[in-house]
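Student: my questions concern the predicted model and sequence given below.
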Amino acid sequence: MATKEIKTGVFSVGVLDWDRRLFDELIPLPDGTSYNAYLIKGKEKIALIDTVDPTKGDELKTNLQTLGVGKIDYVICNHAEQDHSGTIPKILGMYPEAKVVTNEKCKELLMKLLLLPEEKFRAVK
């Protein structure tokens, strides 16, 4: 999926996955699925809302490079399922100054599942 500016400073950077056939090992996906991720360029900070499934991490990387993203301050993670969080380690490798913003429970899960250090997080209520 190509990048698209939705509104000034708000970009869709998600990815299509035509090959995925099941959601949560239960729900059929005969036409594949999409992984929605958004880049918000504010006046002072840049935030990435969600990432994509790890199998599509290179495509997310390409989308960010296409937009010329030189820094990301925050990676906002809505929940720990891989279609939202799976590429966080790759993003933190590209943008090591970024902090993952999420709730306390999601932080705990991401630390265990993705082996992310606690100092990379900013927990919110």
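Tutor: Thanks, I have the structure now.

Student: out of the helices and strands in this structure, which is least certain?
Tutor: When the helices and strands of the chain are compared on mean pLDDT, DSSP states H and E, strand 22-23 comes out lowest with a mean of 70.

Student: paired strands for the next helix-or-strand element following it, with orientation please.
Tutor: The first helix or strand that comes after strand 22-23 along the chain, using DSSP states H and E, is strand 27-28. According to DSSP bridges, strand 27-28 forms sheet pairs with strand 22-23 (antiparallel).

Student: who's the nearest residue to Cys77 once chain neighbours are set aside bridged to?
Tutor: Nearest non-adjacent residue to Cys77, counting by C-beta to C-beta, 6 or more residues apart in numbering: Thr102, 4.3 Å away. Heads up, the C-betas are built off the backbone N, CA and C, glycines and all. Taking DSSP bridges as the rule, Thr102 bridges to Ala123.

Student: please verify my assumption that Lys71 contacts Tyr95.
Tutor: Yes - using C-beta atoms under 8 Å, Lys71 is in contact with Tyr95, at 6.1 Å.

Student: who's in contact with the closest residue to Thr51 other than its chain neighbours?
Tutor: Among residues not flanking Thr51 along the chain, Thr87 sits closest, at 3.7 Å (C-beta to C-beta, 6+ apart). Going by C-beta atoms under 8 Å, 6 or more residues apart in numbering, Thr87 touches 51-54, 56-57, 60.
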